[in-house]
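[1] missing the sequence, but the structure's below:
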């Protein structure tokens, strides 16, 4: 049974996070190369703006902001699942190579297959999922021991090795490609939010609509998987089956996010840690908080990156890495 005070704390924190997302949302709508004054945002959203104001908000800013929030939520949930099933606080889809696997899949599809504009947006998450799934399967296989089961420390080390190897594969792939396609892949690697139109929102939204409720339904299983393997088996958990199903869920979430936002790491690392510090380690409590934290962190990073320099924007992935890399090193030494 969850203590009532923790439930109250969770509700207050969720309210605060929703308020932070809304505030950053409004700031993001009003700031940029073509600014819209804050007193004109609400009238424009209600259909009373000028043509320029409506174009800036509805065609440029609003889809980008929604994609950023959704992608941050997906990465945070993916990281939460990975940390529970591996019992490793350093697990993150970007750090252990899942994002890199998705990136190689996207690069191969973009560089070597005929791209139809109508289906490109919706094919990307599927292609990214296949690349990430193959990578996750190999990482899992190399980290698993018949005697000791899944070894959390080895999983992180193997994942980092795969991430570096796949980065080398990406360089080989783009070394002989056309300049325009190389520019796209380079922006993807830097974590640039490139999917900034409404079709990209509809491409990522179904994944979250299905997988967030599914993960919350599996929250108690995640609690048990976070314990030692003998305990989980003793209470009747089908260990490998649940791990594989939840690993597929984490891979699908990460792949759907990075297919439209590029290679963004550390959101899946930071968000669960912040959530656990606020409401404790129970998955029923911290997963909703982690989801909202991830959406807000990526939105904040993208808003800062778009407006910190007047001449050009800094990719959101770089802003997040400036925060996440020192924290990862701190955790590495702590553990």
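    Now that the structure is in, tell me what you want to look at. All figures in this text were calculated on a predicted structure; none of them were measured in a lab. Residues are numbered from 1 along each chain as shown.

[2] Output the contacting helices and strands for the host helix or strand of residue 302.
    Assessed by DSSP states H and E, residue 302 sits inside helix 283-307. Applying 3 or more Cβ pairs under 8 Å, 6 or more residues apart in numbering; DSSP states H and E, one finds that helix 283-307 contacts helix 4-30, helix 62-86, helix 198-217, helix 219-225, helix 267-279, helix 316-334. For the C-beta atoms, the positions are set from N, CA and C on the backbone; glycine is no exception.

[3] Give the buried residues for the third one.
    By neighbour count, with 16 or more other Cβ atoms under 10 Å as the criterion, the buried positions of helix 198-217 are 200-201, 203-204, 207-208, 211-212, 215-216.

[4] Skipping its backbone neighbours, what lies nearest residue 266 in space?
    Closest residue to residue 266 apart from its sequence neighbours, by Cβ to Cβ, 6 or more residues apart in numbering: residue 324 at 2.5 Å.

[5] burial count for that neighbour?
    23 (other Cβ atoms under 10 Å).

[6] need the contact list for it.
    Residue 324 sits next to 265-267, 269-270 when contact means Cβ atoms under 8 Å, 6 or more residues apart in numbering.

[7] ditto for residue 31
    Taking Cβ under 8 Å, 6+ apart as the criterion, residue 31 is in contact with 303, 306-307.

[8] and of those, the nearest to residue 246?
    Lowest distance from residue 246 to the contacts of residue 31 (Cβ to Cβ) belongs to residue 303, with 31.9 Å.

[9] Give me the distance between the nearest residue to the closest one once chain neighbours are set aside and residue 4.
    In this structure, residue 303 finds its nearest non-sequential neighbour in residue 28, 4.5 Å apart by Cβ to Cβ, 6+ apart. Using Cβ to Cβ, to the nearest Å, we find residue 28 at a distance of 36 Å from residue 4.

[10] So if I had to pick from these two, which one is more boxed in?
    Taking neighbours as other Cβ under 10 Å, residue 28 and residue 4 compare with residue 28 leading, 22 against 8.

[11] wait, doesn't that one sit right on residue 67?
    No: counting by Cβ atoms under 8 Å, residue 28 does not reach residue 67; the two are 11.8 Å apart.

[12] Identify the residue nearest the geometric centre of this protein.
    The centroid of the chain falls nearest to residue 75 when counting by Cα atoms, centre = their mean (1.9 Å).

[13] for that one, what are its contacts?
    Residues near residue 75 by Cβ under 8 Å, 6+ apart: 93-94, 253-254, 257-258, 264, 267-268, 271, 294, 298.

[14] Tabulate the contacts of residue 31 (CSV), appending neighbour count.
    Below are the contacts of residue 31 laid out as CSV (neighbours: other Cβ atoms under 10 Å):
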residue, neighbour count
303, 22
306, 21
307, 16
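
[15] just those residues now: which is nearest residue 143?
    residue 303 (36.7 Å).

[16] Check whether that closest one really touches residue 29, as I assumed.
    No: Residue 303 is beyond contact range of residue 29, at 9.7 Å (criterion: Cβ under 8 Å).

[17] Output the below-cut-off pLDDT ranges for this structure.
    Along the chain, the model assigns pLDDT under 70 to residues 1, 32-35, 115-120, 195, 228, 230, 232, 236, 309-312, 335.

[18] Run through the strands of the stretch 51-200 of the chain in chain order.
    For the stretch 51-200 of the chain, the strands defined by DSSP state E, counting those that start in this stretch cover 144-145, 149-150.

[19] In JSON lines: the ones you listed, plus mean neighbour count and distance to residue 137.
    As requested, the strands of the stretch 51-200 of the chain are exported to JSON lines (neighbours: other Cβ atoms under 10 Å; distance: least, Cβ to Cβ, whole Å):
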{"stretch": "strand 144-145", "mean neighbour count": "13", "distance to residue 137": "11"}
{"stretch": "strand 149-150", "mean neighbour count": "18", "distance to residue 137": "13"}
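
[20] how about these in CSV, adding distance to residue 130?
    Converted to CSV, the strands of the stretch 51-200 of the chain look like this (distance: least, Cβ to Cβ, whole Å):
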stretch, distance to residue 130
strand 144-145, 21
strand 149-150, 23
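
[21] so which of those gets nearest residue 104?
    With Cβ to Cβ as the criterion, residue 104 lies closest to strand 144-145 of the strands of the stretch 51-200 of the chain, at 22.4 Å.

[22] Need the contact partners of the closest one.
    150-151.

[23] what about it, distance to the chain center?
    Relative to its parent chain, strand 144-145 has a centroid offset of 27 Å by Cα atoms, centre = their mean, to the nearest Å.

[24] got it, and stretch 180-200?
    Put simply, stretch 180-200 sits 15 Å off its chain's centre (Cα atoms, centre = their mean).
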